[in-house]
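no sequence on this one, just coordinates:
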Ligand SMILES: Nc1ncnc2c1ncn2[C@@H]1O[C@H](COP(=O)(O)OP(=O)(O)OP(=O)(O)O)[C@@H](O)[C@H]1O
């Protein structure tokens, strides 16, 4: 039950991930996702058939009107026949509008379901999958790629029945009017089809490049927006502008390449279409002159020619979109088919009877794609009512160690147990209830302070929020805010200071009331006095919980019940401040670098 699924392939940059995107059958994806939208789909098809049959009928009616009414000056025939023709046209237009409406409903429904499934799937992803795809690509796949498929489907629904009916029905009608002239029409269709084929063949690789370029633009844009302050501070606007211009130019080039192919072969098809019309008029004019054809029939024939060639060209539009949609389908399938490396076990433990004893034994972990393990055989215990501190130089593996506890990643070897139960056997909801991780970089969501504080416990009342804020030393500044708990904060907590954000993140975890608290350098942005006050308040407020504190400052952890010294992924000492100071040179060096001798003793 605790076996690890195979590690996902390493992320070698977006390009490599993109090249690896599998080809997916767009048809299978569409069939699967259109199933729940059968009703609008069938209505769309029915209305399209009605409108197509009506559009095939109108030219014949028109020919009769000209031959029997206009040519002979029979006004009453013109009025009677014209009225009927008008009624058929109204039916045609109404059916066309309804066909487009229901087709769009089915396609939009498919788009909505695809986006929803992508969203749910990404929510199941562990940190490893998030790193593999990258946020910009996941955003493009959920928006742009879905739009590609919806747009193509909307067009295809309009054409996939109408085009063949018009082509076959139109040719049959044309044959009844004039056989040799229909031959001219038939001859031009293969030429146009060859042009379409070249467009489609050249579009597949170009589409892949285009989607990757859009990912690239999103990536630069996202970094630019999130890192705007750093960019300003280092006056790197020009550099960023240059990066964006490069990504933008790459997309423009790719789009132009696609555009050139489309323009060349599209124009070729158009030329042949027009040459066909000219040939028809040429031959038809001769026939009218020698009296073997009526003028109404020529006009009807021309209308059929335009209808047939128009439907072939419109189909070309769908064919041109198909390669991009195919690439998009592949990218979407890749996300949907990715099994999260961390999933709930089948018979997960849903409740823990114990008080929150945390035991890490022989924990070893290597990041996917990395050569060396960042943690090797780490042991750590945290007990209710006690504080366990982890200290070590930067890059020692402290954050990684804490992230393993709530299963942001899974250990490669060793075990992590809470009250004797392996975290890999626990239900995710139980993990969330039991373990409260306050990350190094606290993230707040757009909304109010209250909505953020209630994130892990939606039922908490205002008193609970204020209690948590008081413990987290955040009550004063929240009270001073214009709307108190209802003060709106920007996405990512952009409208509060770093220290305020850290304290709000601590308060959010306190509101969730877990049994084990993991503070990952969560006091680093606080001044020493606030840091001390916060820890004193925590000692009273969460006296029964187990606390693990990662800190850089010795003053933050010197009173801990147990201090674990981590060095290059290994535990090099465990004990109290006094014990370690005496016996552990690594710890003594860290202490000496921060405290005066007197403070240390
Ligand atoms: N997502 C990742 N993929 C690959 N390597 C990573 C990843 N995150 C961290 N590392 C590497 O793992 C090692 C340990 O990183 P970690 O963040 O756990 O250290 P830390 O002790 O918390 O450092 P600090 O005190 O600076 O926060 C580092 O060498 C880092 O480069």
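It's in. This one's a predicted model, so the numbers in the text were calculated from it and none came from an experiment.

give me the phi and psi for residue 371.
phi -80, psi -40 (degrees, to the nearest 10).

do residue 564 as well
Torsion angles, degrees, to the nearest 10, at residue 564: phi -110, psi 120.

what's the burial count for it?
By the measure other C-beta atoms under 10 Å, the count of residues near residue 564 is 28. No exception for glycine: its C-beta is placed from N, CA and C like everyone else's.

contacts only, for it.
Contacts for residue 564 (C-beta atoms under 8 Å, 6 or more residues apart in numbering) come out as 380, 388, 389, 390, 391, 571, 573, 574.

the last one contacts residue 566, correct?
If I follow you right, that is residue 574. No. Between residue 574 and residue 566 there is no contact under C-beta atoms under 8 Å: 10.1 Å.

residues touching residue 421, list them.
By C-beta under 8 Å, 6+ apart, residue 421 lies in contact with 349, 352.

helix/strand/coil for residue 359?
Secondary structure, DSSP: H, G, I helix; E, B strand; the rest coil: residue 359 is strand.

interface residues of the stretch 251-400 of the chain facing the ligand?
Listed as neighbours of the ligand in the stretch 251-400 of the chain under the rule C-beta under 6 Å from any ligand atom: 367, 370, 374, 392, 394, 395, 396, 397, 398, 399, 400.

state the distance from the nearest residue to the first one once chain neighbours are set aside to residue 518.
Ranked by C-beta to C-beta, 6 or more residues apart in numbering and with sequence neighbours excluded, the top spatial neighbour of residue 367 is residue 374, at 6.4 Å. Applying C-beta to C-beta, to the nearest Å, the value for residue 374 to residue 518 is 17 Å.

cool, and residue 303?
Taking C-beta to C-beta, one finds residue 303 at 75 Å from residue 518.

these two - which one has more neighbours?
Between residue 303 and residue 518, counted using other C-beta under 10 Å, residue 518 has the larger neighbour count: 26 against 20.

and that one, helix, strand or coil?
Three-state call for residue 518 (three-state DSSP): strand.

follow-up on the earlier one: looking at the contacts of residue 564, which are in helices?
Here DSSP state H is the test, and these give no hits in helices at all.

most neighbours among the residues you listed, please name it.
Result: residue 390 is most packed of the contacts of residue 564 (other C-beta under 10 Å), 29 neighbours.

hey, what's that residue bridged with?
Using DSSP bridges, the bridge partners assigned to residue 390 are residue 550, residue 564.

and the residue nearest to residue 367, what does it touch?
Taking C-beta under 8 Å, 6+ apart, we find residue 374 in contact with 365, 366, 367, 397, 400, 569.

how near is the third one to residue 411?
Counting by C-beta to C-beta, the separation of residue 367 from residue 411 is 12 Å.

just the first one next, same as before
Counting by C-beta to C-beta, the gap between residue 365 and residue 411 amounts to 5 Å.

and what of the fourth one?
Residue 397 sits at a distance of 12 Å from residue 411 (criterion: C-beta to C-beta).

likewise for the second one?
Plainly put, residue 366 is 10 Å away from residue 411 if you go by C-beta to C-beta.

neighbour count winner among those two?
When residue 366 and residue 411 are compared for neighbours, residue 411 comes out ahead with 25 against 19, by other C-beta under 10 Å.

does that one sit in a helix, a strand or a coil?
Secondary structure assignment for residue 411 (three-state DSSP): coil.

my guess is it contacts residue 363. True?
Yes. At 5.2 Å, residue 411 counts as touching residue 363 under the criterion of C-beta under 8 Å.

which residues do those two both contact?
Contacts common to residue 411 and residue 363, judged by C-beta under 8 Å, 6+ apart, are residue 404.

residues of the chain that sit close to the ligand?
Counting by C-beta under 6 Å from any ligand atom, the chain sits next to the ligand at 131, 367, 370, 374, 392, 394-400, 440.

and which of those is nearest to residue 152?
residue 131 (30.9 Å; C-beta to C-beta).

quick one: buried residues of the helix or strand containing the closest one?
Assigned by DSSP states H and E, residue 131 belongs to helix 127-133. Under the neighbour-count criterion of 16 or more other C-beta atoms under 10 Å, helix 127-133 has 128, 129, 131, 132, 133 buried.

after that helix comes which helix or strand?
Taking DSSP H and E, what comes next after helix 127-133 is helix 135-140.

buried stuff in the helix or strand following that following helix?
Later in the chain than helix 135-140, the nearest helix or strand by DSSP H and E is helix 146-159. Buried residues in helix 146-159, counting neighbours by 16+ other C-beta under 10 Å, are found at 146, 148-159.

my guess is residue 418 contacts residue 357. True?
Yes. Between residue 418 and residue 357 there is a contact under C-beta under 8 Å: 6.9 Å.

neighbour-wise, which of the two wins?
Between residue 418 and residue 357, residue 418 has the larger neighbour count (other C-beta under 10 Å), namely 24 against 17.

for residue 37, grab the count of nearby residues.
The tally of other residues near residue 37 (other C-beta under 10 Å) stands at 19.

list the contacts for it?
105, 106, 109, 110.

still on that earlier bit, quick one, grab the pLDDT at the residue nearest to residue 367.
Model confidence at residue 374, given as pLDDT, is 93.

from the contacts of residue 37, which is closest to residue 309?
The closest of the contacts of residue 37, once distances to residue 309 are taken by C-beta to C-beta, is residue 106, at 27.8 Å.

how close does the closest one get to residue 40?
According to C-beta to C-beta, residue 106 stands 4 Å off from residue 40.

of those two, which one has the most company?
residue 106 (25 against 19).

quick check: phi and psi on the more buried one?
According to degrees, to the nearest 10, residue 106 has phi -60, psi -40.

residue 372 too?
phi -110, psi 150.

go ahead and confirm it touches residue 366.
Yes. Residue 372 lies in contact with residue 366 (C-beta under 8 Å); the separation is 6.8 Å.

low-confidence bits of this protein, can you list those?
Judged by pLDDT under 70, the chain has its weakly predicted residues at 1-24, 491-494, 595-601.

mind checking the longest helix of it?
With secondary structure taken from DSSP H, the chain has its longest helix at helix 237-289.

all strands for the protein, in order.
358-365, 375-382, 387-392, 413-418, 421-422, 435-438, 447-448, 488-489, 516-520, 546-550, 562-567, 570-575 (DSSP state E).

nearest to residue 193, out of those?
Nearest to residue 193, of the strands of the chain and by C-beta to C-beta, is strand 447-448 at 55.4 Å.

got a list of contacts for that closest one?
Contacting residues not belonging to strand 447-448 are listed as 483, 485, 486, 487, 488, 489 [C-beta under 8 Å, 6+ apart].
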